[in-house]
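Asks: pasting the sequence and the predicted coordinates here, then a few questions.
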Amino acid sequence: MNELEGPLRLLVVDDQAVVRLGFTALLDSQDDLFVVGAAGDGQQAVRLAAQLKPDVVLMDIRMPVLGGIEATRLLTQAKSPPRVLVLTTFDLDDYVYDALRAGASGFLLKDATPEEILHASGSSAVVRPCSRPPLLAGSSPSSLPAPGPCRRPSLTG
């Protein structure tokens, strides 16, 4: 936790209520993480992110109304965008590439251990992608988007 900025602010986005509640409980159990909101679809996530200004958005890929990849694209085009960590049950390279091309900072499968999820959701998710290496194996750097600046967004403006 950065003493000047307080805990990392997170927005949890998943169309399944029990998954949102589970991630929220897990993340809020940490002193350096604070869930500022939860959304059930990408459209709601974009709206809440504009209001709540999270540092990190944990984003499901497949959701009704607006999917996670398009919501990620919209979020990362904002003036002060949050980092987006894509969470999914789908272990498919196309989802990884699409999410990273849309601006996601990392990719994590929902079957990850609680420790992996906490590690990825914390400050490391803001600093570097947190994908499992096998999911990105064989990809060429030119096929992925150039990374943005790797720093924690300021909460003051």
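Replies: Alright, I've got the coordinates.
Asks: can you give me the mean pLDDT across stretch 7-26?
Replies: In this model, stretch 7-26 has a mean pLDDT of 93.
Asks: can you get me the start-to-end distance on that stretch?
Replies: 15 Å (Cα to Cα, to the nearest Å).
Asks: then stretch 57-69?
Replies: Terminal residues of stretch 57-69 are spaced 12 Å apart (Cα to Cα).
Asks: what's that stretch in contact with?
Replies: Under the criterion Cβ atoms under 8 Å, 6 or more residues apart in numbering, residues 10-16, 19, 23, 27, 40-46, 49, 71-72, 75, 82-88, 90, 95, 98-99, 102, 104, 121 lie in contact with stretch 57-69. Placement of C-beta: from N, CA and C, glycine included.
Asks: so which bits of it are buried?
Replies: By neighbour count on 16 or more other Cβ atoms under 10 Å, the buried set for stretch 57-69 is 57-61, 63, 67-69.
Asks: over to stretch 73-93?
Replies: Across stretch 73-93, burial judged by 16+ other Cβ under 10 Å covers 73-76, 81-88.
Asks: next one: stretch 20-29
Replies: Taking 16+ other Cβ under 10 Å as the criterion, stretch 20-29 shows 20, 22-24, 26-27 as buried.
Asks: ok, now stretch 35-48?
Replies: In stretch 35-48, counting by 16+ other Cβ under 10 Å, buried: 35-46, 48.
Asks: could you do stretch 11-22 as well?
Replies: By neighbour count on 16+ other Cβ under 10 Å, the buried set for stretch 11-22 is 11-15, 19-20, 22.
Asks: from the chain's centroid, how far away is that stretch?
Replies: Centre-to-centre, stretch 11-22 and its host chain are 13 Å apart (Cα atoms, centre = their mean, to the nearest Å).
Asks: now do the end-to-end distance for it.
Replies: 13 Å.
Asks: centroid-nearest residue for this structure?
Replies: Of all residues in the chain, the one closest to the mean position by Cα atoms, centre = their mean is residue 85, 2.2 Å from it.
Asks: distance check, that one against residue 58.
Replies: 5 Å (Cβ to Cβ, to the nearest Å).
Asks: give me the nearest residue to residue 114, chain neighbours excluded.
Replies: Residue nearest to residue 114 in three dimensions, not counting chain neighbours: residue 26, with 5.7 Å by Cβ to Cβ, 6 or more residues apart in numbering.
Asks: noted, bye for now.
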